[in-house]
Structure formats: structure tokens, C-alpha cells
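S.K.: What would the 3D arrangement of this be:
(one chain, ligands or ions: 4)
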Amino acid sequence: MRLFGAVLLVFCSVVFPAAASCDYPALFNFGDSNSDTGGLSAAFGPAPSPNGETFFGRPAGRYCDGRLIVDFIAENLGLPYVNAYLDSVGSNFSHGANFATAGSSIRRQNSSLFKSGFSPFSLDVQSWQFSQFKARSQLARQQGSVFRRLLPEEGAFSTGLYTFDIGMNDLTSSFFSNQTVEQVLAGIPQILNEFATAVKSVYGHGGRYFWIHNAGPFGCLAYVLERLPVKPEEVDPAGCAAPYNAVAQAFNEQLKATVVHLRQELPSAALTYVDVYAAKYSLISNPPPESGFTQPLVACCGHGGRYNYSPGIGCGAEQMVNGTRMVLGCSCADPSRRIIWDGVHYTEAANRWVFDQISGGAFSDPPLPLRMACTQRPPVS
Ligand SMILES: *[C@@H]1O[C@H](CO)[C@@H](O)[C@H](O)[C@H]1NC(C)=O
Ligand SMILES: *[C@@H]1O[C@H](CO)[C@@H](O)[C@H](O)[C@H]1NC(C)=O
Ligand SMILES: *[C@@H]1O[C@H](CO)[C@@H](O)[C@H](O)[C@H]1NC(C)=O
Ligand SMILES: *[C@@H]1O[C@H](CO)[C@@H](O)[C@H](O)[C@H]1NC(C)=O
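M.R.: Ligands and ions are numbered 1, 2, ... in the order given. Below is the predicted model:
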């Protein structure tokens with residue numbers, strides 16, 4: 001078996017390189033605000049202007065001036081942008097659905113959105129939504145007519161790409177509720193156990209191709225730097241809070257191990273672990289001169305403070321001043337030269353840069369590009 005597998009791999013990659021390019025008919029995404037294309041907006045009210053200004057020309061359910069990494073993934077695969085499952089108006093799910101919402105964590109929050117700001121659509125809920133989506137979309141398609149043009153064919157669920165970008169909010173929400181570094185680290189195995197449950201659930205529904213982003217360096221984000229200040233000696237040369245980034249890296253190491261374990265449990269799955277942390281941290285700590293990025297930690301859209309970020313006055317926030325409505329959370333002159341959009345999320349320009357880094361496979365394990373991530377074989381053991 002071992003010899004056969006090795007020979008087959010060599011055969012495929014050397015003799016038939018073109019055959020190794022995947023043709024995913026659909027994209028299904030699970031995540032948080034890093035990949036929310038309208039879920040939280042549909043449920044709880046729209047992301048305000050100037051979100052969306054760069055690309056969509058209006059707010060588009062994204063916490064960004066334009067496209068997210070998941071949008072660049074869709075473009076790269078030749079698929080339409082993925083609509084939010086929660087968005088019942090004008091959505092077309094024929095090529096996938098997005099279950100991500102801003103503020104989502106893997107674990108259920110013990111607080112409400114109105115108290116903590118974290119989303120009730122945790123990964124287990126997203127996973128139920130996916131399972132309903134799969135079952136009900138097929139029933140609806142049996143009615144024919146427009147439903148056949150709005151919902152995926154059954155085969156799309158087994159040959160589609162499943163992307164995951166979630167976990168950061170599990171860590172930050174724990175810090176915001178005053179847990180110590182030790183307590184947050186101790187919670188990681190439970191978080192990843194629930195992550196594995198969600199992946200296995202998708203696999204149980206026929207999903208085979210998984211592209212999994214790890215957690216970004218949240219110790220570099222203004223909302224963490226402002227709300228959870230660290231001692232000066234804990235600030236790294238890039239200006240980021242080293243203790244939080246160390247927790248993100250501990251999470252990522254265990255996430256990678258979880259993926260390795262899942263490969264053994266799910267023999268027909270192709271699981272790619274993508275080190276988005278490394279790409280984002282390299283951008284923030286050492287922006288390539290040719291990229292034109294300046295002020296790596298300073299938000300483009302916001303108000304006040306060291307990072308153009310104030311907790312109560314987010315991007316797009318308005319206030320009545322002398323009887324006149326004034327926008328306090330304004331956008332900067334040139335978002336294409338900024339990395340951080342609003343103190344929490346990245347700009348379209350940064351998302352594009354990160355996508356360009358990760359799509360070729362240089363940050364992936366195994367080192368396969370996005371368009372070949374369906375071709376990996378189970379590990380030979
Ligand atoms: C919520 O509380 C339960 C029980 O105390 C705990 O196991 C779980 O980790 C908590 N969730 C979060 C997100 O803190
Ligand atoms: C949904 O999008 C697909 C792909 O872009 C298109 O072929 C289909 O006609 C659309 N459905 C409707 C009802 O417009
Ligand atoms: C965390 O600590 C701060 C400062 O002591 C306190 O104001 C806040 O209520 C605490 N938050 C939680 C969720 O316990
Ligand atoms: C609001 O009105 C007060 C009193 O007239 C004035 O001092 C202040 O500058 C005004 N603020 C703005 C932002 O116009």
C-alpha cells in the first residue's frame with residue numbers, strides 16, 4: 001500500500017500535472033468576521049458605511065473596505081462571492097454558502113451578543129445550519145424552477161471546498177472575561193475538540209476537501225492592544241503584545257496537531273492547514289517596501305488614540321454634535337496603503353496580499369496550492 005501510494009503520487013504530479021487541478025463546484029465557509037460576507041449584518045443590522053467603500057461602493061456585510069480573503073478564494077476558483085446563509089434577501093447559493101458571522105467563536109459563548117459583542121452563531125450552530133442547508137436545499141430543488149438555479153446540486157457537497165477561519169474569538173473572549181494566559185491555554189484542547197467535531201460533521205455529510213486557516217496574530221490588533229494593555233517589556237519590536245501572540249501560536253500548534261489527527265480519522269478527506277498567522281505577522285512586522293503599506297498597527301477607519309481606534313467609537317460610528325449628525329469613525333485617505341481597516345479587521349489590500357501569499361501553498365501543510373488542495377492523499381503511516 002505504501003509503495004503504491006507513493007508511486008501514484010509521483011505519477012500524478014509528474015505525468016499529469018493538469019489533472020491535479022481541482023474543479024470545486026462550490027465553496028462552503030465557516031468562520032468569524034474574517035470571512036463574514038453578510039451573516040451578522042443580516043441578523044443584527046448592517047455593517048455601517050464606510051465599510052465596503054473600496055470595492056463594493058457601499059456596505060456589503062463585510063467588516064472591511066472591500067473584499068475578504070474568502071472573496072479572493074472564490075475569485076481564484078472562478079466561483080461567485082459566497083452569500084451568507086442567514087441572508088434571505090437576494091442570495092444565490094448555487095455555488096455555496098457562508099455560515100460565518102462576525103464575532104463567532106468555536107465554543108458557545110456564555111453571554112449574549114448584546115453584553116459581550118460575540119456572536120451566538122458559534123461553530124456548532126454553523127454546523128447545524130450547514131446540515132439543514134444541505135438537506136433542505138435538496139428538497140427545495142425537487143420543486144424545480146428557480147430553486148434549481150438558486151441551490152447547489154447534491155454532488156457539490158462532496159466535491160466542494162470547505163474553508164474554515166475561526167478560533168481567534170475563543171481566545172480574545174476569554175481574555176476579555178479576565179482569564180489569565182494559563183487559563184486561556186488550558187481551554188484550548190476543549191476548543192479544538194469542538195472544532196474537530198464540526199469538521200467530522202461536515203465529513204459525515206460528504207465533505208472531503210478542507211482548507212483550514214489558523215488564528216492570526218491578534219496581539220497586533222488595536223482592539224486588543226487598547227483593551228488588554230501589556231507591560232512595556234511584553235511589547236515586541238513590531239509593537240504587538242507578545243503574550244497574546246504566543247497564545248495564538250500555542251492554539252495554532254494544537255490546531256495543526258488536530259488536523260494531523262483528523263487525517264487519520266477521516267481517511268478520504270484532504271485537509272490542508274494554512275498558516276495565515278505567519279503571513280499576517282510577516283506583513284505587520286515587516287511590510288515589504290514595494291507593497292506601499294505604512295503604519296502597520298494604525299487603523300484606517302476609526303477615531304482617536306494611538307491606533308486611530310477607540311473602543312466605544314468604531315468604524316462608521318456617528319454622534320450628534322450640536323444637533324448635527326457627525327461621523328466620528330471616518331476612513332483614511334488611502335486604504336490601499338493600510339494593513340488594518342478598523343482596529344479589528346484587515347483592509348482589502350492586506351487581505352489580497354495575504355491571499356497572494358497563501359494561495360500558492362507556501363504556507364500550507366501539505367504545501368499544496370488552493371487549486372490542488374483536493375489532490376492530497378491520506379498520510380502514509
Ligand atoms: C461556558 O461555561 C462552560 C461551563 O462553565 C464552560 O465549560 C465553557 O468553556 C464556557 N464557554 C466559554 C466560551 O467560556
Ligand atoms: C445563480 O447564480 C448562478 C451562477 O452565477 C447562475 O447560473 C444562476 O442563474 C443564478 N440563479 C438565478 C436564479 O439567477
Ligand atoms: C474584568 O475586570 C475588570 C476590571 O477589574 C472588570 O471591570 C470587569 O467587569 C471584569 N469582567 C468580567 C467579565 O469579569
Ligand atoms: C458645539 O457648540 C459649542 C458651543 O457653541 C462650540 O464651542 C463647539 O465648538 C461646537 N462643536 C463643534 C464640533 O462644532
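S.K.: from here on, contacts and neighbour counts on C-alpha atoms
M.R.: Will do.
S.K.: ok, now how distant is the closest residue to ligand 1 within the stretch 1-150 of the chain from residue 123?
M.R.: Using CA to the nearest ligand atom, residue 109 is the residue of the stretch 1-150 of the chain that sits closest to ligand 1, at 4.2 Å. Relative to residue 123, residue 109 is positioned 11 Å away (CA to CA, to the nearest Å).
S.K.: Does the residue of the stretch 1-150 of the chain closest to ligand 1 touch residue 118 like I think?
M.R.: Yes: with contacts counted by CA atoms under 8 Å, residue 109 reaches residue 118, the gap being 7.2 Å.
S.K.: Tell me which of the two has more neighbours.
M.R.: residue 118 (24 against 19; other CA atoms under 10 Å).
S.K.: how about stretch 32-52 as PDB, C-alpha atoms only?
M.R.: Extracted C-alpha coordinates of stretch 32-52, given in PDB (Å, rounded to 0.1, in the frame of the first residue of the first chain):
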ATOM      1  CA  ASP A  32     -15.900  34.700  12.100                       C
ATOM      2  CA  SER A  33     -15.700  38.300  10.900                       C
ATOM      3  CA  ASN A  34     -12.500  37.500   8.900                       C
ATOM      4  CA  SER A  35     -14.800  35.700   6.500                       C
ATOM      5  CA  ASP A  36     -18.300  37.000   7.200                       C
ATOM      6  CA  THR A  37     -19.900  38.100   3.900                       C
ATOM      7  CA  GLY A  38     -23.100  39.300   5.400                       C
ATOM      8  CA  GLY A  39     -24.300  36.900   8.200                       C
ATOM      9  CA  LEU A  40     -24.100  39.200  11.200                       C
ATOM     10  CA  SER A  41     -25.400  42.100   9.100                       C
ATOM     11  CA  ALA A  42     -28.500  40.100   8.100                       C
ATOM     12  CA  ALA A  43     -29.200  39.000  11.600                       C
ATOM     13  CA  PHE A  44     -28.400  42.100  13.700                       C
ATOM     14  CA  GLY A  45     -28.200  45.100  11.400                       C
ATOM     15  CA  PRO A  46     -25.800  46.200   8.700                       C
ATOM     16  CA  ALA A  47     -22.200  46.900   9.000                       C
ATOM     17  CA  PRO A  48     -22.200  50.700   8.500                       C
ATOM     18  CA  SER A  49     -20.600  52.800   5.900                       C
ATOM     19  CA  PRO A  50     -17.700  53.300   5.100                       C
ATOM     20  CA  ASN A  51     -17.400  49.500   5.200                       C
ATOM     21  CA  GLY A  52     -17.300  48.300   1.600                       C
END
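S.K.: Residue numbers of the protein in contact with ligand 1?
M.R.: When proximity is defined by CA under 6 Å from any ligand atom, the chain lies next to ligand 1 at 107-110.
S.K.: one more time with 8 Å, if that's ok
M.R.: 105, 107-110, 170, 173-174, 187, 190-191 (CA under 8 Å from any ligand atom).
S.K.: Of the residues you listed - the most surrounded one?
M.R.: Going by other CA under 10 Å, residue 105 tops these with 30 neighbours.
S.K.: Just the element for residue 91, please.
M.R.: Assessed by DSSP states H and E, residue 91 sits outside every helix and strand.
S.K.: and it, what is it in contact with?
M.R.: 83-84, 150 (CA atoms under 8 Å, 6 or more residues apart in numbering).
S.K.: Check what pLDDT it gets.
M.R.: Looking at residue 91, its pLDDT is 98.
S.K.: ok so, going back, now intersect the residues of the chain next to ligand 1 with the strands, please.
M.R.: Of the residues of the chain next to ligand 1, none are assigned to strands by DSSP state E.
S.K.: quick one: average pLDDT of stretch 28-35?
M.R.: The model assigns stretch 28-35 a mean pLDDT of 98.
S.K.: what would the residues of the chain next to ligand 1 look like in CSV with pLDDT?
M.R.: Shown next, in CSV, are the residues of the chain next to ligand 1 (pLDDT from 0 to 100):
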residue, pLDDT
105, 98
107, 98
108, 97
109, 96
110, 92
170, 98
173, 97
174, 97
187, 98
190, 98
191, 98
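S.K.: Geometric centre of this structure: which residue is closest?
M.R.: Of all residues in the chain, the one closest to the mean position by CA atoms, centre = their mean is residue 165, 3.3 Å from it.
S.K.: Who does that one form a beta bridge with?
M.R.: Counting by DSSP bridges, residue 165 is bridged to residue 31, residue 213.
S.K.: so what's residue 183 up against?
M.R.: Taking CA under 8 Å, 6+ apart, one finds nothing in contact with residue 183.
S.K.: list the buried ones in the host helix or strand of it?
M.R.: Per DSSP H and E: residue 183 is located in helix 181-204. By 16 or more other CA atoms under 10 Å, the buried positions in helix 181-204 come out as 184-185, 188, 191-192, 194-196, 198-203.
S.K.: Of those, which pair is most distant in space?
M.R.: Spanning the widest gap among these are 184 and 203, at 28.7 Å by CA to CA.
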